[in-house]
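*Asks:* Sequence and predicted structure below; questions after.
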Amino acid sequence: MKYIIVGLGNFGASLAQKLTEQGNEVIGIDNHMAKVDAYKSKISHTICMDSTDQHTVSGLPLKDTDIVIVAIGEDQGANIMTTAVLKNLKVKRLISRAINPLHETILQAMGVDEIVHPEEETAERWAKKLCMKGVIDSFELSDEFSIVEVAVPKSFVGKTIEELSIRNRYNLLVLTTIEVHEGKNMLGTRKREEKVQRVATPDTVLQEGNLMVVYGSNKDIRKFLQD
């Protein structure tokens, strides 16, 4: 996978390093040369540039990049301007950092694909979410075990957990399910809303469009996602 991460503060730099360590190609961007120099040996590529300048940003390999992440945290104006530039350049998938609820509402209104809250979510969590295809969210319990949210596969729809034998087939435990539907924020823009259901039982029926919260080893989770 190819990533561009704009903003090499604590969160952006940590995420860029973890994605690089996992074998991805990462371009880390910051407008401070000191940060660019500090991480040039730890990230695939580092560039010093003004990310609010559309002409300069258009020179990046955006068409070949799978995901662009705006991790700027200190300057909300620069964050919004950079996000607007990248949205205008029609990148494949755009993730932006929100500083506060109002900032998040603005990003939602701009049509950002996903919003990250570094104060609540770790770089490790996002690295897993980005690298393990199918993972909606995750919580790392240790280096070997995690709890992850995954979309209910089409082949699972309408079947119970007992019918699917998930524990026996994949050595995974389904903890609960999450009902997903669309609501609207204060600006009238569509917003994804989730409602956690009760603790899953063998009789729990998996529904289309919902999520499963699964516990197990990272190795078994990857096998499940590949299948």
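*Replies:* Done, it's in.

*Asks:* next one: the strand ranked longest in the chain to chain centre, how far?
*Replies:* Taking DSSP state E as the criterion, the chain has its longest strand at strand 173-184. Centre-to-centre, strand 173-184 and its host chain are 17 Å apart (Cα atoms, centre = their mean, to the nearest Å).

*Asks:* go on, stretch 209-225?
*Replies:* That offset, for stretch 209-225, works out to 16 Å (Cα atoms, centre = their mean).

*Asks:* Stretch 220-227 too?
*Replies:* That offset, for stretch 220-227, works out to 18 Å (Cα atoms, centre = their mean).

*Asks:* about what we covered before: name the strands paired with the longest strand of the chain and say parallel or antiparallel.
*Replies:* strand 190-199 (antiparallel), strand 211-217 (antiparallel) (DSSP bridges).

*Asks:* Show me what counts as buried in that strand.
*Replies:* Across strand 173-184, burial judged by 16 or more other Cβ atoms under 10 Å covers 174, 176-178, 180. In this view, the C-beta of every residue, glycine as well, is placed from N, C-alpha and C.

*Asks:* Show me how the chain divides into domains.
*Replies:* The chain is divided into the following domains under automatic domain parsing: 2-128, 132-226.

*Asks:* Buried deepest among these, which one?
*Replies:* domain 2-128 (a mean of 18; mean count of other Cβ atoms under 10 Å).

*Asks:* still on that earlier bit, lowest mean pLDDT across the strands paired with strand 173-184, which one is that?
*Replies:* Here the lowest mean pLDDT among the strands paired with strand 173-184 goes to strand 190-199, at a mean of 73.

*Asks:* May I ask which helix or strand of the chain has the lowest mean pLDDT?
*Replies:* Ranked by mean pLDDT, DSSP states H and E, the weakest helix or strand in the chain is strand 135-140, scoring a mean of 61.
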